[in-house]
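Trainee: Give me coordinates for this.
(chains A and B)
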Amino acid sequence: MGNAAIARGAIAAGLNLISGYPGTPSTEVLETSAKCNKNGSMYVEWSVNEKAALELAAGAAYCGARTMVTMKQVGLNVASDPLMSLAYIGVKGGMVILVADDPGPISSQTEQDTRTFAAYSKLPCFDPSSVQEAYDMIGEAFGLSEKYGTPVLFRPTTRVCHGYASIDVKDESEYKKVQPEGFVRDPSKWVIFPRLSYNAHMKIEARNVTLSDELSEYSRNLVIPETASDCRKGIATHGISYTYVTEALAGKPAPRVMKVTTPFPFPEKAALKFLDGLDEVLCIEELDPVIERELTYICGKHHLPVRIRGKLTHDVKNAGENTCASVAENIASFMGWEKLGKADIEEAPALPVRPPVLCAGCPHRASFFAVKEAMKGKKSVFCGDIGCYTLGNAMPLDMVDTCLCMGAGVNITQGIGHIEPDTNCFAFVGDSTFFASAITGAVNAVYNQADMTLVILDNSTTAMTGHQPHPGTGHTMMGEIVEKIDITAVLHGIGVKTVETVNPLDLKNAVETVKRVAAEKGVKAIIFKSPCAVIIKPEKPAVIDPDKCTNCKRCIKSLGCPGIVLKDGRAAIENSLCTGCGLCSQVCPFGAISPAKEGK
Amino acid sequence: MQTNIMICGVGGQGIVLTSKLIAATAVSHDVPVMSAETIGMAQKGGSVFSFLRLGDGIASPMFPEGTADLLIGFEPAEAVRMFPYLKKGGTAIVNTHPIMPVTAALTGSDYNGENMTEYIRRNAEKAVFLDGNKAISEIGSPKVLNMVMLGAAVAAELLPFTLEEIEETMKATVKPQFAELNSKALRYTA
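Mentor: This is a model prediction of the structure:
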């Protein structure tokens, strides 16, 4: 896997410390590092959020350690405050900020492009096109970081992160060993002040000019063929799209191709070589038209009569992922080649849609259902957050009215409450998200006298990204068993007086608790505590008694659990999915579904 | 010689592991391999598919429609969804047992997969159908559907590996107590 290759490449480059916050498609970089850390020679940490992770890695890099911090693209927004300043301060040891972008988006809120963030923060950026290149290039990124004393960005996309390939790796004897010098006190270097920032800004701009020249000579900023051919058309591309271009051009009279591996600082001189003698260039990019803008700028600056085409000229679509087929089509149309005909096959029958849903046995389903039952007929708003529980929006639960970004729900619900005081305001937040960025929102609510119910969905893990530890789980990535941070104590500590913990799978009790707590004024909290269904051993599946079942389908219509299906028009348990959580037996008005535990 | 394989089904059926087993077998036999799959949101009952490519001279882990030599469909509708990837003359191996999505149960749909299986039967030049539900109940575990499907692909001589070679990788991958069960599943169609 690309992410594993990046981790192994970083370890081969002498990695001393790695921190991060989980997020698809970046998560496995840190997980692989932890797996490879059997002798404990590195420090590995899932931090509480991306900002903490980046600051921690910066501190270690101040000491001369080689450090890496991992996150997904939206995580960089959380870490952007330290990032922007760190660009001015710089580092001593090599520091790579790994940010995985998600064209599509396949599992993200936005289609933001970290290459654009690189230009904004003025930091060098590496954009690998394959698993092998990611492995080889991460060491080069550390080298450049150390040479210029600056953090660098490394931004694979999903298809590189989650692509698998057989690759050549270094022998352990070739691994670099880094002995950090330690922190050397120097307030004129490590303490940011306006005067320092002015000087640093001047230096950064000058450095980036030098870097652009240096990167024009970088062998991974490819121009093929190197010598001019008769073809006066060119294709500029990057990342995984480069492989699609390669496949689309296989066996064809090829146009000139430029692969931009360092989008910032843009390798201008290499681009001039590429543009020389061309009439037209098609830019094949995912996310922002970064290369297209740069080439358009370079053509203007140097008065080159080359037409630059791509997303800005509507030749390539603006959003979503590229595919082999879309790139082949873009190129065929640009080159004036015959369009690839669709295969002549019979139209498929109407396919069932499969939106992602909460797993069978997921305790979040029970939590949402309990709140829904308790608030029936009352004016309410349910603000959701980022995690598996965003899927509580699906029918029939339909319990997520808003979702914006990590930790936003607790504040959004306060805003709604100030405008609509007669509304019962709820914020749902998972345990990991609570620690990551909802505690500040809770403090805000208490101090500013909000009227709301904070619902913590505590499944004792970070489920969405594959079960990483967080401060409430009691273990760390270094394998230590540590004292858990108690959510109830945190809430009491900041002044939330009512904090009730209830098992959501005990439906009657859960509904009553919600009714009682929600009726109080001010900020109050309910902790629905029940472990993620994926990490516990399932109970025996539920059994439907055909004599008692009246086929009212209440179980299906209220819960939407994948463990209950329709068979010949009747509700039936799907044994391969049912975990025996017992929620449906509490919902059935006729007692027709036996609670799983009896079946043991 | 290149082989393109599309493996598809529903999240939780073991598609990713199937893809990894073939890829790991390739690595241990020095066959170049690339693959790509969707993980994340789609795991939770959504459509899951994995591109797998074996052989020399491959640049991209994904391949375009109409170029798969082999389509392994763990669920009939998912096999139809990915059917355009199968090349003319390619082979489809399809589990005929449907998985009804929650949305279908809610709307009272009568989806049972039969028209999907019929579509594949009409349109694939070569197709192998098997009842995965029958297989797993005979073997005694719902978790081994992926091994049954993989075994069927090997039995149809569509992978450049023998059953023993795949089995070796499987034994190195799964927990020892599940090895025998998985071996039984791999050999179900043999």
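
Trainee: What's the first helix or strand after the longest strand belonging to chain B?
Mentor: Longest strand in chain B by number of residues, with DSSP state E as the criterion: strand B:86-95. Using DSSP states H and E, the helix or strand that follows strand B:86-95 in sequence is helix B:102-107.

Trainee: rewinding a little: say whether chain A is contacted by the longest strand of chain B.
Mentor: Yes: residues of strand B:86-95 contacting chain A under C-beta under 8 Å from any C-beta of the partner chain: B:K88. C-beta here means a position set from N, CA and C on the backbone, and glycine is covered the same way.

Trainee: Work out the sheet partners of that strand and label each with its direction, please.
Mentor: Here the strand partners of strand B:86-95, with direction, are listed using DSSP bridges: strand B:68-73 (parallel), strand B:126-130 (parallel).

Trainee: Which residue ranges make up each domain of chain A?
Mentor: Here the domain parsing of chain A from automatic domain parsing is A:2-214, A:222-335, A:363-529, A:543-599.

Trainee: which other helices and strands contact the lowest-mean-pLDDT helix or strand in chain A?
Mentor: The weakest-scoring helix or strand in chain A, judged by mean pLDDT, DSSP states H and E, is strand A:564-567 (a mean of 86). Other helices and strands packing on strand A:564-567, by 3 or more C-beta pairs under 8 Å, 6 or more residues apart in numbering or on different chains; DSSP states H and E, are helix A:554-559, strand A:570-573, helix B:102-107.

Trainee: Kindly format the C-alpha coordinates of it as CSV.
Mentor: Extracted as CSV, the C-alpha positions of strand A:564-567 are listed here (Å, rounded to 0.1, in the frame of the first residue of the first chain):
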residue,chain,number,x,y,z
ILE,A,564,-33.1,-6.9,8.8
VAL,A,565,-34.1,-7.5,5.2
LEU,A,566,-37.2,-8.3,3.3
LYS,A,567,-37.6,-11.9,2.3
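
Trainee: Just give me the neighbour total for residue 77.
Mentor: Since no chain was named, I'll use chain A. Applying other C-beta atoms under 10 Å in any protein chain shown, we find 19 other residues in the vicinity of A:N77.

Trainee: nope, chain B please
Mentor: Using other C-beta under 10 Å: B:A77 sits among 30 other residues.

Trainee: So it belongs to a strand, correct?
Mentor: No: with the criterion set as DSSP: H, G, I helix; E, B strand; the rest coil, the secondary structure at B:A77 is helix rather than a strand.

Trainee: need the contact list for it.
Mentor: With contacts defined as C-beta atoms under 8 Å, 6 or more residues apart in numbering or on different chains, B:A77 is in contact with A:L351, A:P352, B:P98, B:Y111, B:G113, B:M116.

Trainee: The fourth one touches B:A104, doesn't it?
Mentor: Going back to what we said before, that points to B:Y111. Yes: when contacts are counted by C-beta atoms under 8 Å, B:Y111 is listed as touching B:A104 (4.8 Å).

Trainee: what is in contact with the two at once?
Mentor: With C-beta under 8 Å, 6+ apart applied, the overlap between the contact sets of B:Y111 and B:A104 consists of A:P352.

Trainee: hmm, back to that, closest to A:K540 out of the strands paired with strand B:86-95?
Mentor: Taking C-beta to C-beta as the criterion, strand B:126-130 is the member of the strands paired with strand B:86-95 that comes nearest to A:K540, at 27.5 Å.

Trainee: So what touches that closest one?
Mentor: When contacts are defined by C-beta under 8 Å, 6+ apart, strand B:126-130 is touched by residues B:89-96, B:117, B:120-121, B:148-149, B:152, B:156, B:189.

Trainee: what's the spacing between that strand and its chain's center?
Mentor: With C-alpha atoms, centre = their mean, to the nearest Å as the basis, strand B:126-130 stands 12 Å off its chain's centre.

Trainee: So which of the contacts of B:A77 are in helices?
Mentor: Among the contacts of B:A77, the members found in helices (DSSP state H) are B:M116.

Trainee: Show me the one in the contacts of B:A77 that has more neighbours than the rest.
Mentor: Of all the contacts of B:A77, B:M116 has the most neighbours under the rule other C-beta under 10 Å, reaching 26 neighbours.

Trainee: Give me the helices and strands touching the worst-scoring helix or strand of chain B on mean pLDDT, please.
Mentor: Counting by mean pLDDT, DSSP H and E, the weakest-scoring helix or strand in chain B turns out to be helix B:102-107, with a mean of 79. Helices and strands touching helix B:102-107, by 3+ C-beta pairs under 8 Å, 6+ apart, are helix A:554-559, strand A:564-567.

Trainee: so does the longest one get close to chain B?
Mentor: Translated: helix A:554-559. Yes: Helix A:554-559 lies within reach of chain B by C-beta under 8 Å from any C-beta, at A:I556, A:K557.

Trainee: Tell me the buried residues in that helix?
Mentor: Of the residues in helix A:554-559, those buried under the neighbour-count criterion (16 or more other C-beta atoms under 10 Å in any protein chain shown) are A:R554, A:C555, A:I556, A:S558, A:L559.

Trainee: Sticking with A:A200, tell me its helix or strand.
Mentor: Mapping A:A200 onto the secondary structure by DSSP H and E places it in helix A:194-216.

Trainee: Give the residue spans of the chain that score low on pLDDT.
Mentor: All of this is about chain A. A:226-228, A:340-343, A:596-600 (pLDDT under 70).

Trainee: looking at chain B here, not the other one
Mentor: Counting by pLDDT under 70, chain B has low-confidence residues at B:39-44.

Trainee: which helix in it runs the most residues?
Mentor: Secondary structure assigned by DSSP H gives helix B:15-28 as the longest helix of chain B.

Trainee: Quick one: list the elements packing against that helix.
Mentor: Taking 3+ C-beta pairs under 8 Å, 6+ apart as the contact definition, the neighbouring helices and strands of helix B:15-28 are strand A:163-165, strand B:3-10, strand B:33-37, strand B:47-54, helix B:145-155, helix B:163-173.

Trainee: what sits up against that helix?
Mentor: Outside helix B:15-28, the residues that touch it by C-beta under 8 Å, 6+ apart are A:164, A:166, B:5, B:7-9, B:32-33, B:35, B:37, B:39, B:48-50, B:52, B:54, B:72, B:74, B:146, B:149-150, B:159, B:161, B:165-166, B:168-170, B:172-173.

Trainee: In TSV: the helices and strands packed on helix B:15-28, plus distance to A:R115 and mean neighbour count.
Mentor: Converted to TSV, the helices and strands packed on helix B:15-28 look like this (distance: least, C-beta to C-beta, whole Å; neighbours: other C-beta atoms under 10 Å in any protein chain shown):
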stretch	distance to A:R115	mean neighbour count
strand A:163-165	19	25
strand B:3-10	30	25
strand B:33-37	21	24
strand B:47-54	25	25
helix B:145-155	38	25
helix B:163-173	37	17
